[in-house]
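Engineer: Structure for this input, please:
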Amino acid sequence: MELLLLSNSTAPGRKYLEHALDVLAEVLTDEVVFVPYALADHDGYTEQVRTALEPLGVRVTGAHTARDALREAAAIFVGGGNTFRLLRTLQLSGDLDVIRERVRAGTPYVGSSAGTNLAGPSVRTTNDMPIVQPPSFEALGLVPFQINPHYLDPDPSSTHQGETRERRITEFLEENDVPVLGIREGTWLRRRTDTLTLGGIPAGARLFRRGSEPAEVAGGTDLSELLRITARFDVHE
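Structural biologist: Purely as a prediction, here's the structure:
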């Protein structure tokens, strides 16, 4: 299985996807089918990706423009936006099953933000508002642990009185026994068969487990052991 899971698609001071072009070039070849359903403007979103990948010589087809595009894709890229809108669209169309089948058969998968959330067993650790209601929270299950893209560390100087990202993940673990990897901006996960590594900027990630203190994960760390865990969820949705 070939996965590239980006925390974010735009880095400060960089163009869309510019910070990840080198690693994208390693995963993508001649063409990719882009899944734009996390945003409302599917044509505009697809064109943005087409422009960003042009330096790599990658041809981009929107999944919404061709009926069998995903079934015939050489690679699949699922973009960011609202995770619930993305999941609902893919579940109702049946394309969630198509993507899962194709990726497990060897088709490379690239996700960014919401597309990265989708790679886990569920979308329960997304940062997004449920602007629509999907039939369930079940996602692709391409990795057996949860991911929290755009992870933000607690700011001790902040006057904000709402929950920190750390607190929200802790609450998730009170109800579900499955690790959560909070990946900071500019980082990504790369899976090649049974190997999983953290790449991107040195800021790294934070790993949360039930009953343990959060652990820092440095860039370049081998996280393959996370591919062997068994997730246990509260099933009452």
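Engineer: contacts and neighbour counts: CA atoms only from here.
Structural biologist: Fine.
Engineer: tell me the mean pLDDT for stretch 198-217?
Structural biologist: Averaged across stretch 198-217, the pLDDT comes to 94.
Engineer: should've said stretch 119-130
Structural biologist: Mean per-residue pLDDT for stretch 119-130: 97.
Engineer: For it, buried residues please.
Structural biologist: 119-127 (16 or more other Cα atoms under 10 Å).
Engineer: what distance separates it from the centre of its chain?
Structural biologist: Its chain's average C-alpha position is 9 Å from that of stretch 119-130, according to Cα atoms, centre = their mean, to the nearest Å.
Engineer: same question, stretch 14-33
Structural biologist: For stretch 14-33 - counting by Cα atoms, centre = their mean - the centre lies 15 Å from the chain centre.
Engineer: Pull the most distant pair out of the buried residues of stretch 119-130.
Structural biologist: Using Cα to Cα, the two most remote members of the buried residues of stretch 119-130 are 121 and 127, lying 15.7 Å apart.
Engineer: Need the residue closest to the centroid of this protein.
Structural biologist: residue 116 (0.4 Å; Cα atoms, centre = their mean).
Engineer: So what touches the one helix or strand it maps to?
Structural biologist: In the assignment (DSSP states H and E), residue 116 maps to helix 114-117. For helix 114-117, the surrounding residues in contact (Cα atoms under 8 Å, 6 or more residues apart in numbering) are 5-7, 38, 77-83, 86, 110, 123, 125-126, 146-149.
Engineer: From these, list just the buried residues.
Structural biologist: Buried among the contacts of helix 114-117 by 16+ other Cα under 10 Å: 5-7, 38, 77-83, 86, 110, 123, 125-126, 146-149.
Engineer: Now, the residues you listed that are in strands?
Structural biologist: 5-6, 77-78, 110, 146-149 (DSSP state E).
Engineer: What separation do you get for the closest residue to residue 202 other than its chain neighbours and residue 75?
Structural biologist: Once flanking residues are discounted, residue 202 sits nearest to residue 219: 5.1 Å by Cα to Cα, 6 or more residues apart in numbering. For residue 219, the distance to residue 75 (Cα to Cα, to the nearest Å) stands at 25 Å.
Engineer: Repeat that for residue 131.
Structural biologist: Distance from residue 131 to residue 75, by Cα to Cα: 29 Å.
Engineer: for residue 163, same thing?
Structural biologist: 38 Å.
Engineer: Which of these two has more residues huddled nearby?
Structural biologist: residue 75 (23 against 10; other Cα atoms under 10 Å).
Engineer: Does that one touch residue 107 like I think?
Structural biologist: Yes: look at residue 75 against residue 107 with Cα atoms under 8 Å: they come within range, at 5.5 Å.
Engineer: got any residues that touch both of these two?
Structural biologist: Common neighbours of residue 75 and residue 107 (Cα under 8 Å, 6+ apart) do not exist.
Engineer: now the strands: where do they sit in the protein?
Structural biologist: Under DSSP E, the chain gives strands at 2-6, 31-35, 59-62, 76-78, 109-112, 146-149, 180-183, 187-192, 195-200, 205-208, 215-217.
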